[in-house]
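Trainee: Using only what follows, build the 3D model:
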Amino acid sequence: MRFFYVDESGHTGTNLFDQSQPTLYYGVLSTNLNLDLLGKKYLPKIHRLLNVQRLHAAELGNGGLVRILPDLLKIIKKFKPTFDIYRVNKKDHALICFFDQVFDQGINPAVPWSSYWTPLRYVLLFKLTVLFDDDDLKEALAIRIERNRTNADERLVNLCSKLLKRIKKLPDERSQEVIG
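Mentor: The predicted model follows:
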């Protein structure tokens, strides 16, 4: 069994297009051990040192983190977690959400199986970018989070109709056929 601890930076809620934070980062700490359980004995000392009830880098700042670095290094050496960081361009995320909403072959039988469930999806996703401008990406995301299904359906049809008018911008007939 593997345990994962995830946190993000750059989260702007539904304002995905905040120009001051165009990127979303996810940090993932993973280990074969339950650090929630095994790490408990290390926390009281750290809490006392910083005079806090919980540890969060956004609240501690670099100064707080530097003060507990020796303790964190002991925990890292003992439990040997791995750390991965993922970077998500928020505009790309909006396009990927649209792609999943419209081209999921399990939902949309007009989409060939290979266009969604194989690496070919990445080729189509890349080609799909040609059809979108920033306003379209904003609309695609707004549709994705729209709570009123009737409104969402109507808006999605309108967006798809708008994109279909640009289908000849795609570089080849097969992409025009599959995406169209």
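Trainee: check contacts around Leu156.
Mentor: Listed by CB atoms under 8 Å, 6 or more residues apart in numbering, the contact set of Leu156 reads Gln101, Val102, Ile143. Every residue, glycine included, has its C-beta placed from N, CA and C.
Trainee: give me phi/psi at the residue nearest to the second one when sequence neighbours are not counted?
Mentor: Of all residues not flanking Val102 in the chain, Asn108 sits nearest, at 6.5 Å (CB to CB, 6 or more residues apart in numbering). The phi/psi pair for Asn108 (degrees, to the nearest 10) reads phi -110, psi 100.
Trainee: And Ser9, by the same measure?
Mentor: Per degrees, to the nearest 10, the backbone of Ser9 is at phi -140, psi 140.
Trainee: swap in Asp153?
Mentor: When quoted as degrees, to the nearest 10, the phi and psi of Asp153 stand at phi -60, psi -40.
Trainee: what about it, how many residues close to it?
Mentor: Asp153 has 12 neighbours, counted by other CB atoms under 10 Å.
Trainee: Tell me how this protein divides into domains.
Mentor: With domains defined by automatic domain parsing, the chain comprises 3-88, 90-179.
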